[in-house]
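Engineer: give me a model of this one.
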Amino acid sequence: MPTPSHPQNSLFIAGMEFDARVVAIALFIAIAVMEYSTPPDYIFGYLYTAPLAIVGSRFRRSTSLWIYALAIVLTLGDLWIPGGTAFAASTVANRTIAIIALIVTFILTDRNRDYAEDMTKVKVQLHAQEALAKVREDFIATLTHDLKTPLLGAIEMMRFLANGKFGEVTPEQQQVFETLRKSHGNTLRIVQMLLDVFHNDARGLRLQVTRVNLVEIAREATEAIAAIASSREIEIRMEVTSSFAHFWLHADALQLERVFVNLLANALHHSIRGSEIRLILEAPPHICIAKVLDTGSGIAPEDLPHLFDRFYQGESDSHPDAYRRLNTGSGLGLYLSRQIIEAHGGKIWAENQAPKGAMFGFTLPN
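Structural biologist: Predicted structure coming up:
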């Protein structure tokens, strides 16, 4: 809880402000007195810069301008007031230089005022953004936690019902329960993905790096999604173009498997029944390359630069002839994949294939 400011502190700060102005005005008057009590050859105009610099940030711009104008007038006026003394051209030149110094001081002080105001605005904005980010993170963490508990309970209950724990069920009922269980499971994965994305944005992605083989990770991801592919009569064909030994690298196996699953699931979602998805692994010198190719309708050109943005989803109405790849789902899977690959020092991208289909690929250093 913020501590309220003490009234004495406010009075102290106000007193300091008042004292600074009094000191500046006293210096200004003292310099003017010295200026006019000595011959014109003695130039004190340079000294006006000290009190003017003190009060420059404490007065409004218009007030500061009038004070600087007064200092310039006083510096010039000493040539004729009190009068009766001839002055040399060098004296005029020196006073002109003093006036230029005053003008430069005003310009610099005015710029410093603008800079200080901009810095204050930036600090306020940063504090507001930090507070908003903290509130957002707390909200997402609380929301996902509160959503995960009932979802886990519902999934377990559907499993019990499908297995006949509460009485016999018909095959049709089993199918309904299994469909509901899968639907709740998908929702649970989206909730967990949402939490992971916000944690990664707020705190950075923490990798558990070990020596792993990319081919083994790809095979495990393919097996994890094989049931979904089989239900849609889609074949996932894995092609390794280099020796198995060339795919060893230091990486987080669990996170890379998530990338493969996300890219394969994206390809499944946009592939027609009975088609084929190719997972190609290549290992040129010092790098590993993975590509997932499908034979769908490709990616709308306006979507390509934004595919890996958080929550990005294409508007299907604006491009009816091309299959918009992000018109369903949460828009988080590809963004999370980008977070993981970039945390490994790699690069992820997408492009259209000829004559049709899309390719999602990433590179990793080894």
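Engineer: point out where this protein drops to low pLDDT.
Structural biologist: Residue ranges of the chain with pLDDT under 70: 1-20, 55-59, 81-87, 140, 144-145, 202, 311-331.
Engineer: ranges for the helices of it?
Structural biologist: For the chain, the helices defined by DSSP state H occupy 7-36, 49-55, 61-77, 89-162, 171-203, 214-231, 253-269, 333-343.
Engineer: okay, those helices in JSON lines with mean neighbour count and distance to Ala283 next?
Structural biologist: For every residue, glycine as well, the C-beta is placed using N, CA and C. As requested, these are exported to JSON lines (neighbours: other CB atoms under 10 Å; distance: least, CB to CB, whole Å):
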{"stretch": "helix 7-36", "mean neighbour count": "13", "distance to Ala283": "66"}
{"stretch": "helix 49-55", "mean neighbour count": "19", "distance to Ala283": "65"}
{"stretch": "helix 61-77", "mean neighbour count": "16", "distance to Ala283": "65"}
{"stretch": "helix 89-162", "mean neighbour count": "13", "distance to Ala283": "38"}
{"stretch": "helix 171-203", "mean neighbour count": "15", "distance to Ala283": "28"}
{"stretch": "helix 214-231", "mean neighbour count": "17", "distance to Ala283": "8"}
{"stretch": "helix 253-269", "mean neighbour count": "22", "distance to Ala283": "15"}
{"stretch": "helix 333-343", "mean neighbour count": "21", "distance to Ala283": "16"}
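Engineer: and the ones you listed as a markdown table, adding distance to Asp303?
Structural biologist: As requested, the helices of the chain are arranged in a markdown table below (distance: least, CB to CB, whole Å):
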| stretch | distance to Asp303 |
| --- | --- |
| helix 7-36 | 55 |
| helix 49-55 | 56 |
| helix 61-77 | 49 |
| helix 89-162 | 26 |
| helix 171-203 | 19 |
| helix 214-231 | 23 |
| helix 253-269 | 13 |
| helix 333-343 | 11 |
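Engineer: which one of the ones you listed lies closest to Ile289?
Structural biologist: With CB to CB as the measure, helix 214-231 is the member of the helices of the chain nearest Ile289 (9.4 Å).
Engineer: how much distance is there from the closest one to the middle of the chain?
Structural biologist: Mean-position distance between helix 214-231 and its chain equals 33 Å (CA atoms, centre = their mean, to the nearest Å).
Engineer: what's that helix packed up against?
Structural biologist: Contacts defined by 3 or more CB pairs under 8 Å, 6 or more residues apart in numbering; DSSP states H and E place helix 214-231 against strand 235-240, helix 253-269, strand 276-282, strand 287-293.
Engineer: so can I have JSON lines of those showing distance to Ile299?
Structural biologist: Converted to JSON lines, the helices and strands packed on helix 214-231 look like this (distance: least, CB to CB, whole Å):
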{"stretch": "strand 235-240", "distance to Ile299": "20"}
{"stretch": "helix 253-269", "distance to Ile299": "11"}
{"stretch": "strand 276-282", "distance to Ile299": "15"}
{"stretch": "strand 287-293", "distance to Ile299": "12"}
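Engineer: now Phe360: how far from His286?
Structural biologist: 22 Å (CB to CB, to the nearest Å).
Engineer: more crowded one of these two?
Structural biologist: Regarding Phe360 and His286, a neighbour count based on other CB atoms under 10 Å identifies Phe360 as having more, with 25 against 7.
Engineer: wait, the more buried one touches Gly296, no?
Structural biologist: No. With contacts counted by CB atoms under 8 Å, Phe360 stays clear of Gly296, the gap being 11.4 Å.
Engineer: quick one: common contacting residues for those two?
Structural biologist: Ala267 (CB atoms under 8 Å, 6 or more residues apart in numbering).
Engineer: Asn366 is nearest to which of the helices of the chain?
Structural biologist: helix 214-231 (8.1 Å).
Engineer: that closest one vs strand 287-293, what angle?
Structural biologist: Orientation check (axes from the mean of the first three to the mean of the last three CA atoms, to 10 degrees): helix 214-231 against strand 287-293 gives 10 degrees.
Engineer: for helix 214-231, list the C-alpha coordinates in PDB.
Structural biologist: Output of helix 214-231 as PDB, limited to C-alpha atoms (Å, rounded to 0.1, in the frame of the first residue of the first chain):
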ATOM      1  CA  LEU A 214      16.100 -33.600 -33.700                       C
ATOM      2  CA  VAL A 215      15.100 -36.700 -35.600                       C
ATOM      3  CA  GLU A 216      14.100 -38.500 -32.400                       C
ATOM      4  CA  ILE A 217      12.100 -35.400 -31.300                       C
ATOM      5  CA  ALA A 218      10.300 -35.200 -34.600                       C
ATOM      6  CA  ARG A 219       9.400 -38.900 -34.500                       C
ATOM      7  CA  GLU A 220       8.000 -38.500 -31.000                       C
ATOM      8  CA  ALA A 221       5.900 -35.600 -32.100                       C
ATOM      9  CA  THR A 222       4.700 -37.500 -35.100                       C
ATOM     10  CA  GLU A 223       3.600 -40.400 -32.900                       C
ATOM     11  CA  ALA A 224       1.800 -38.000 -30.500                       C
ATOM     12  CA  ILE A 225      -0.300 -36.700 -33.400                       C
ATOM     13  CA  ALA A 226      -0.700 -39.900 -35.300                       C
ATOM     14  CA  ALA A 227      -4.100 -40.700 -33.900                       C
ATOM     15  CA  ILE A 228      -5.600 -37.400 -35.100                       C
ATOM     16  CA  ALA A 229      -4.000 -37.800 -38.500                       C
ATOM     17  CA  SER A 230      -5.400 -41.400 -38.800                       C
ATOM     18  CA  SER A 231      -8.900 -40.300 -37.900                       C
END
